[in-house]
Every structure is written in C-alpha cells, then in structure tokens.
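> Need the 3D shape of this:
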Amino acid sequence: MEFGVFGGLSVEDSDGPHLPTAPKQRQLLGLLLLHANQVMPVRTHVTEIWGGHPPPSAATTLQTYVMQLRRLLASMPSVGSRAAAHDRLRTTGQGYLVVVRPDELDLLRFERFVEQADRAAGDDAAVARLLRAALALWDRPVLADVRTGPVLQAAITHWEQRRLQVHETYLDAQLRLGRHREVLAELAVLTRRHPVHEPLHARYMIALHRTGRIGDALGVASRLGDRLARDLGVAPGPAIGRLTAAIRHGGAVTAASAPPRPSVLPSAPGPRRA
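Numbers count the residues shown, from 1 in each chain. The predicted structure follows:
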C-alpha cells in the first residue's frame, strides 16, 4: 500500500489507485495523512472542513466521512476486510488517526532520509546524497489537488518551510564539497521563488563568485536590495553587505559569509512512525 501527499493526494495498492473523489473525504484523508499515526481531535477535523461556522450535524457528518474512507480501505487487497480497515483508520476517545508504516507514506520516507542525513553530519558527501534523495520525493506542493481549510493550510505551510530548510542544508553540503557549478541552476530557481530570502541569495552569490562570475554575483545582491526595498521597505542585512564587499574587493568569500539560518534538521511535528 502506498500513500502520497507530495504533489497530489494518492492512495495506491497492487490493483491500482484507490482515491476518494468527494472533496471533503479527500480533505479529511489529507489531514489524517499529514498527521499520520497521530490522533487528530474531532474539533480539529470540524474546523478544517467547515471553518468557524460548522453545521449542528458536523460531528455526525464527519463520522459518515470516516465510514466511507474505511469502506475504501477495506476494498484494497492489502487491507481486505472491514476489521482491518478499522485498525488502519481508528476511532479514539478524542478523534481519529490513520496508521501508516514508514515505508508507506512519502512524507515519512522524506523524514527518514532527513534523519539519516542528520546522523551523517560531518560527511558532506553522504549528507548531500541523502538529502538529494529526500528532495527527489517532492515534485509539487503538498496536497496540490485537495481543497484546504485553515488547519491544512497551516500544516502545508509548515511542510513547505521544512522542504526549504532541507534544501538549504543540501546546498550547504554541495558548496562545502566544491560543487558550485552544479547548484547554480537550483539556486537561480530558488531565488526567483523566494525573492527576499537573504540566505538563499547569499549562497547564490557564493556559487557565482566561485565559478568566476563576479558581475553576476554582484547583480544578485543588487536585485535583492531592490526587492527588499520595494516589498518590505528594508535594506539587506549586514551579512549580505559584508559578502558583497568581499566579492567586490577580492576578499575571502566562504560559506560562513552567508547570513545565518536556524538549525536545519529539527525534528518535524506531524507524522509519527507507526
């Protein structure tokens, strides 16, 4: 059995896809999978599906959606019975949880690669390889084809930030390995996607400088300054200023010149291993 939340929602078994078509069932399943192996209270589901103004029948209707998801699970060869479906999608005193093994959900596989990279800290080649494998699982935004309410929106924002943190750690390992040319295209895309993200722009400047493209590196700093002034009314931080000066005047340019960022591989809230 395979579950997916990276890109679109997916549920597959040996006989093909088994995906709910009703929007609110998809919404419910997406919420459960983003918090796999974790009890999600009834009130959280109600807030996600109906917002701040649920109907009086919300809890009963939610039970119906859960029952329909169990029927879908029971139809899958690897589940095969109503009892097994109840074991997969459980009702607790406070809410519901879906039980998923680490190898069955792309989000859990992503976290497993990240944890392995964390344990390999100090071996940049291993870190880069493991994080590249993690990032390769993620080709589109989380639950891109699912209608989202306030709870899912917050969870999706968290996971998109998580992906960016992991990508930054991967890029740092690549830069320490001297693979500056190899990351230029990725950094060009990321800085366009995050036009006021100073640490990403600093990495792009460093990679350009180390491949001999001094003018392009200074151009990145100039565009960043213009965008920060226009969008936020602020100037780049001192780290960007020091990096720009070092590039302009031929000083030492290292990864340490980049603006600091938070610790990259914290344990992520959300899915737990079964």
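> and L97, how many neighbours does it have?
Neighbours of L97 under the rule other C-beta atoms under 10 Å: 20. Heads up, the C-betas are built off the backbone N, CA and C, glycines and all.
> what does G233 give?
There are 7 residues near G233, going by other C-beta under 10 Å.
> what about it, distance to A202?
Note on G233: its distance to A202, by C-beta to C-beta, to the nearest Å, is 21 Å.
> And for R70?
50 Å.
> which stretches of this protein aren't confidently modelled?
Across the chain, the ranges flagged by pLDDT under 70 are 251-252, 254-274.
> hang on, the earlier thing: higher neighbour count, R70 and A202?
A202 (30 against 20).
> Not counting the helix or strand that contains that one itself, show me its contacts.
Counting by DSSP states H and E, the element that carries A202 is helix 198-210. Here helix 198-210 makes contact (C-beta atoms under 8 Å, 6 or more residues apart in numbering) with 168, 171-172, 175, 178, 180-181, 183-184, 187-188, 190-191, 194, 214, 216-218, 220-221, 224, 236-237, 239-240, 243-244, 247, 253-255, 257-261.
> ok, now stretch 42-59?
Under C-beta under 8 Å, 6+ apart, the answer for stretch 42-59 is 24, 27-28, 31, 61-62, 94-96, 149-152.
> Restrict that stretch to CA atoms and write it as PDB.
Listed next in PDB are the C-alpha coordinates belonging to stretch 42-59 (Å, rounded to 0.1, in the frame of the first residue of the first chain):
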ATOM      1  CA  VAL A  42     -12.800  15.800  16.200                       C
ATOM      2  CA  ARG A  43     -12.900  19.600  16.700                       C
ATOM      3  CA  THR A  44      -9.800  19.900  14.500                       C
ATOM      4  CA  HIS A  45     -11.400  18.000  11.700                       C
ATOM      5  CA  VAL A  46     -14.600  20.100  12.100                       C
ATOM      6  CA  THR A  47     -12.600  23.300  11.900                       C
ATOM      7  CA  GLU A  48     -10.700  22.100   8.800                       C
ATOM      8  CA  ILE A  49     -13.800  21.100   6.900                       C
ATOM      9  CA  TRP A  50     -16.300  23.700   8.000                       C
ATOM     10  CA  GLY A  51     -14.200  26.600   9.300                       C
ATOM     11  CA  GLY A  52     -15.600  28.700  12.100                       C
ATOM     12  CA  HIS A  53     -19.300  28.000  11.400                       C
ATOM     13  CA  PRO A  54     -19.900  24.200  11.400                       C
ATOM     14  CA  PRO A  55     -23.400  22.900  11.000                       C
ATOM     15  CA  PRO A  56     -25.100  21.300  14.000                       C
ATOM     16  CA  SER A  57     -24.600  17.900  12.300                       C
ATOM     17  CA  ALA A  58     -20.900  18.300  11.800                       C
ATOM     18  CA  ALA A  59     -19.700  15.600  14.100                       C
END
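> For V98, grab phi and psi.
phi -110, psi 130 (degrees, to the nearest 10).
> From I156, how far off is it?
17 Å.
> one step back: most widely separated two among the contacts of stretch 42-59?
Pairwise distances across the contacts of stretch 42-59 (C-beta to C-beta) peak at 20.5 Å, for the pair K24 and Q94.
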